[in-house]
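Undergrad: below is the structure, and that's it, no one-letter string:
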Ligand code: ADP
């Protein structure tokens, strides 16, 4: 590279002087030199391709070089590699348009590699037959850094506004000048290239909210007050948005100014609306429900702190209830201490409870039954703070339940009476059943004595006789046991039962009745039937009733053999079925309608309770009883029972 030291500063200044510019009369070479060397500006004089012809000491020093380092070297080496093309083009501009100033901002690199931002002001000047370029460059690194930081801040702010759906705005009330941030444009769905005005803003406000918004803003701006209000926006697509506006008023030289934020609160509003609706729905339920709610909180002693004012709760919601634990106003504490002890234990353990029924005396002095359910409540840190729950007056249901229990008891007693009646009717059969083995016992005892009296005694025969005596006695005792069971008044006891065994026992019991009425029994039992869960005596009673009715229905039959067919099977639904079919008189449709009604009978000496009792027994076992006319003659009764 050709190293040529410029002639002199004076020469440089002369060369730098615009050819057509006015030359100041007082500018001396010394002054030029002072300016050149001491202003905090880097001066370069380069040729058209960028070779440094001269540089001031400050300029060189700022880049970490000495003047001699730089002279003769391409000034392009003091720029970042990626900016050199740009700079070369700018130099070309200067050469093309001599005497015109060109300005650009670019990065320069120091000798140590660090980068600084400069603003370069350059001009091409004619120096003899060639064009030189004079460049003054000013370090703007600090400004650039601030500018970049600002830009970044702005970007952050814009992002934050976007994320929070919050736009910002400025409004000068005096000049009516308006500024909107990008997000504000976004919220109002305005074209960002259009100028913001208050009128445009109003156009977007929902027509129903416009007058109110205008008035609010006017009132505030007249008294210089801050702004805070919500309004709806009617969007171009017809949808409605909700916006909240907050602005701070401040007085400046140019008058009252507002700086504020506009938030798109549509999502929050919609959520709030949904919450309100669901709360209202819940309230409606609670108010129309027959239950009322109660609360006890912040109280370790189980005292009720609140109770809903509910029409059904009238009997309770008085001063005698609030501030008291339940056991202080319940009227069944003494009669049911264990129930209350258990309830207190549940509460002390902070466990939920459901359907706790207790009795209270209401205002009118009547006993009412209340059913309460509740769950413990805990605060955010898991500490127990009380209970919350509902209660309802179940007196009617409770009394109905009680009545049903009483009815069931009465039915049980009636069933017992009926069994005794049946046993009375069966006396002859029973006597025969017992008499038979007893006669056999006597006969065998006589025989035994005879065998023993032989000389020598026939011990083997005697032993056989005794064996028969034992068997017959057992038979008699079994009959007695069965009868005693039927006669005994016991509580219902459900056990797994084999239906076939049960039928056989009953047939044995009524054997004599069958014989005396010339009725034969045919049993068609399904083998290995699943068991049912039931009360033996009660189900026996059902079977006795059905068999006795069948016998009676065949009493008048003389033209055919009187046969009773008892079948057991399992139906498609998995139920156990027992049918008792006779070939008797059959049932007329009128009779069929009332068969199971209590006290319905067609017999002169009948009570009409048999089938009614059968039905209540079967239904208490979860089963069903029905009757149908046979295709030919007679009737079939069917009992269906669930399997165990
Ligand atoms: P009771 O036997 O005392 O009349 P039930 O309730 O056992 O009472 O029977 C009611 C009525 O149902 C009988 O009077 C009779 O008319 C009719 N009935 C019951 N079983 C049969 C049957 N197997 N065949 C025809 N009618 C019957």
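TA: Everything's here; your move. What you see is a predicted model; the values in this text were computed from it and never measured.
Undergrad: how about low-confidence regions in the protein?
TA: Per-residue confidence for the chain (pLDDT under 70) gives these ranges: 1-28, 298-300, 310-320, 428-429, 489-491, 528-530.
Undergrad: the closest residue to the ligand within the chain: neighbour count?
TA: Taking Cβ to the nearest ligand atom, the ligand has its nearest neighbour within the chain at residue 610, 2.6 Å off. C-beta: built from backbone N, CA, C; applies to glycine. Applying other Cβ atoms under 10 Å, we find 25 residues neighbouring residue 610.
Undergrad: residue 516 too?
TA: 12.
Undergrad: show me what the helix or strand harbouring residue 637 pairs with in its sheet, parallel or antiparallel.
TA: In the assignment (DSSP states H and E), residue 637 maps to strand 635-641. The pairing partners recorded for strand 635-641 under DSSP bridges are strand 576-581 (antiparallel), strand 624-629 (antiparallel).
Undergrad: if I look at the residue nearest in space to the middle of the chain, how far off is residue 403?
TA: Centroid-nearest residue in the chain: residue 278, 13.7 Å away (criterion: Cα atoms, centre = their mean). Distance of residue 278 to residue 403, computed by Cβ to Cβ, to the nearest Å: 41 Å.
Undergrad: same question for residue 282.
TA: 35 Å.
Undergrad: element containing residue 160?
TA: helix 141-164.
Undergrad: what is that helix packed up against?
TA: strand 115-127, strand 166-172, helix 182-188 (3 or more Cβ pairs under 8 Å, 6 or more residues apart in numbering; DSSP states H and E).
Undergrad: give the buried residues for the first one.
TA: Looking back up the chat, that one is strand 115-127. 116, 117, 118, 119, 120, 122, 123, 124, 125, 127 (16 or more other Cβ atoms under 10 Å).
Undergrad: ok so, going back, what does the helix holding residue 160 rub up against?
TA: 105, 116, 117, 118, 166, 167, 168, 181, 182, 183, 186, 263 (Cβ atoms under 8 Å, 6 or more residues apart in numbering).
Undergrad: and if you look at stretch 106-115?
TA: Counting by Cβ under 8 Å, 6+ apart, 62-65, 69, 78-80, 83, 86-87, 116-118, 120, 137 sit against stretch 106-115.
Undergrad: am I right that residue 53 is in contact with residue 71?
TA: Yes - at 7.1 Å, residue 53 counts as touching residue 71 under the criterion of Cβ atoms under 8 Å.
Undergrad: any idea which helix or strand carries the residue nearest to the centre of the chain?
TA: Going by DSSP H and E, residue 278 is in helix 266-288.
Undergrad: can you pull the buried residues of that helix?
TA: Taking 16+ other Cβ under 10 Å as the criterion, helix 266-288 shows 266, 269 as buried.
Undergrad: packing partners for that helix?
TA: strand 240-252.
Undergrad: one more pass at 10 Å, please.
TA: The contact analysis (3 or more Cβ pairs under 10 Å, 6 or more residues apart in numbering; DSSP states H and E) places helix 266-288 against strand 227-234, strand 240-252, strand 291-297.
Undergrad: pull up the pairing partners for the second one, direction included.
TA: Spelled out, it's strand 240-252. When DSSP bridges is applied, strand 240-252 pairs with strand 227-234 (antiparallel), strand 255-264 (antiparallel).
Undergrad: buried residues in it?
TA: Going by neighbour count (16+ other Cβ under 10 Å), the buried part of strand 240-252 is 241, 242, 243, 244, 245, 247, 249.
Undergrad: any chance of a markdown table for the residues you listed, columns distance to the ligand?
TA: Shown next, in a markdown table, are the buried residues of strand 240-252 (distance: Cβ to the nearest ligand atom, whole Å):
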| residue | distance to the ligand |
| --- | --- |
| 241 | 77 |
| 242 | 75 |
| 243 | 81 |
| 244 | 80 |
| 245 | 85 |
| 247 | 91 |
| 249 | 96 |
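Undergrad: from those residues, which is closest to residue 288?
TA: Using Cβ to Cβ, residue 242 comes nearest to residue 288 of those, at 31.6 Å.
Undergrad: so that closest one is in contact with residue 264, correct?
TA: Yes - counting by Cβ atoms under 10 Å, residue 242 does reach residue 264; the two are 7.4 Å apart.
Undergrad: shared neighbours, these two?
TA: Contact criterion Cβ atoms under 10 Å, 6 or more residues apart in numbering; residues shared by residue 242 and residue 264: residue 233.
Undergrad: near the ligand, which residues of this structure?
TA: Where the chain comes near the ligand, counting by Cβ under 6 Å from any ligand atom, the residues are 545, 549-550, 553, 582, 584-585, 587, 591, 595, 600-603, 606-612, 635.
Undergrad: what do you get if the cut-off is 5 Å, keeping everything else the same?
TA: 549-550, 553, 587, 595, 601-603, 606-608, 610-611, 635 (Cβ under 5 Å from any ligand atom).
Undergrad: now, which of the residues you listed sits nearest residue 502?
TA: Out of the residues of the chain next to the ligand, the member with the shortest distance to residue 502 (by Cβ to Cβ) is residue 550, at 16.7 Å.
Undergrad: check which helix or strand covers the closest one.
TA: Here residue 550 is assigned to helix 536-553, by DSSP H and E.
Undergrad: now for the helix or strand just after that helix, which elements pack on it?
TA: As assigned by DSSP H and E, the chain's next helix or strand after helix 536-553 is strand 562-570. If contacts are counted by 3+ Cβ pairs under 10 Å, 6+ apart, strand 562-570 sits against helix 499-509, strand 519-525, helix 536-553, strand 576-581, strand 635-641.
Undergrad: same thing but 7 Å
TA: With contacts taken as 3 or more Cβ pairs under 7 Å, 6 or more residues apart in numbering; DSSP states H and E, strand 562-570 sits against helix 499-509, strand 519-525, strand 576-581.
Undergrad: could you check the angle it makes with strand 635-641?
TA: Relative orientation of strand 562-570 and strand 635-641, computed by axes from the mean of the first three to the mean of the last three Cα atoms, to 10 degrees: 30 degrees.
Undergrad: strands paired with strand 562-570, and their directions?
TA: Sheet pairing for strand 562-570, assigned by DSSP bridges, gives strand 519-525 (parallel), strand 576-581 (antiparallel).
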